[in-house]
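okay, here's the prediction I keep looking at, along with the sequence it came from:
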Amino acid sequence: MYRTQEQVLYDLSKALHFSPETLEINRKGRLGSDQIKRLAFRCIRPALFISIFMFLPIFLWLTLTSAKEQVDLISSAQILFKDLTHLSDSIETHGKIGAFFRLGSILGGLGLGFFMLYRFPFGLYFDLIEGAVTTREGRIVAREEQTLRGNGRDPVEKYFFDMKTDRFSVNLAAYRAVENGGVYLVYLLPRSKELVSLEPKIS
């Protein structure tokens, strides 16, 4: 079914969550406030889990040590550090199971925290701080990829926009909204290459 460029733009704005006002801001090379809020959750959520895994076990053991020894948190930190660095003394005080459980929970939390820190979207984080948007022009080819799964389960479907050497992951609505093979102005973040909006190029 034929669609005008205005209709294509309207469908894309609904699929990619940008407004005419936001698009105008993107044209000027800046990120809209609504886009910053929406993309910020991509950083806030992993940052929250990193903090939980890295600091919560330590804080819990500090609190328990403080309550047991009747000291403040600063003094309990010194006691906890001594227990962790002098394992033989800790085993005598807390028993083998207690000493290794304390050490394992802290090291395990730190390990998971550093693993998630390694996967943290630093590119997106710095893009949001800078708030800059770059513009590219090119022909977009919409592609669909399926990953087959066993046990009769439905395949996993993923959708992409390919433009020259770039590939952007999109949702089904955006895949259906774009005019395949058309020339578009694409607005994206410079480091993470996150697609924030696009519009058909007026010929």
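Ah, there it is.

hey, which helix is longest across the chain?
The single longest helix within the chain, with elements called by DSSP state H, is helix 33-69.

which stretches of this protein aren't confidently modelled?
1, 87, 89-90, 92-94, 203 (pLDDT under 70).

where along it do the helices fall?
Counting by DSSP H, the helices of the chain are 5-16, 20-27, 33-69, 73-85, 87-118, 122-130, 172-177.

out of these, nearest to residue 147?
Residue 147 sits nearest to helix 172-177 of all the helices of the chain, at 15.1 Å, using Cβ to Cβ. C-betas here are computed from N, CA, C, even on glycine.

buried ones in stretch 121-129?
Within stretch 121-129, the residues that count as buried by 16 or more other Cβ atoms under 10 Å are 121, 124-125, 127-128.

how is this protein carved up into domains?
Domain assignment of the chain by automatic domain parsing yields the ranges 5-31+132-200, 43-122.

picking that back up, show me what the longest helix of the chain is packed up against.
With contacts taken as 3 or more Cβ pairs under 8 Å, 6 or more residues apart in numbering; DSSP states H and E, helix 33-69 sits against helix 73-85, helix 87-118, helix 122-130.

what's the neighbour count on residue 148?
8 (other Cβ atoms under 10 Å).

whoops, residue 42 was the one
Counted with other Cβ under 10 Å, residue 42 comes out at 16.

do you know how far the residue lying closest to residue 119 once chain neighbours are set aside is from residue 116?
Distance criterion Cβ to Cβ, 6 or more residues apart in numbering; nearest residue to residue 119, sequence neighbours excluded, is residue 46 at 7.2 Å. Residue 46 is 6 Å from residue 116, where distance means Cβ to Cβ, to the nearest Å.

can you tell me the centre-most residue of this structure?
residue 42 (3.6 Å; Cα atoms, centre = their mean).

which residues are in contact with it?
Contact analysis of residue 42 by Cβ atoms under 8 Å, 6 or more residues apart in numbering lists 121, 124.

hang on, the earlier thing: in JSON lines: the buried residues of stretch 121-129, plus distance to residue 60.
Output for the buried residues of stretch 121-129, formatted as JSON lines (distance: Cβ to Cβ, whole Å):
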{"residue": "121", "distance to residue 60": "28"}
{"residue": "124", "distance to residue 60": "31"}
{"residue": "125", "distance to residue 60": "28"}
{"residue": "127", "distance to residue 60": "35"}
{"residue": "128", "distance to residue 60": "32"}
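
tell me the one of those nearest residue 135?
When the buried residues of stretch 121-129 are compared against residue 135 (criterion: Cβ to Cβ), the nearest one is residue 127, at 14.6 Å.

wait, doesn't that closest one sit right on residue 193?
No: here residue 127 lies out of contact with residue 193, judged by Cβ atoms under 8 Å, at a distance of 9.2 Å.

contacting residues for the residue lying closest to residue 134 once chain neighbours are set aside?
Excluding the flanking residues, the one nearest residue 134 by Cβ to Cβ, 6+ apart is residue 190, at 5.0 Å. Contacts for residue 190 were tallied using Cβ under 8 Å, 6+ apart; they are 127, 130, 132-134.
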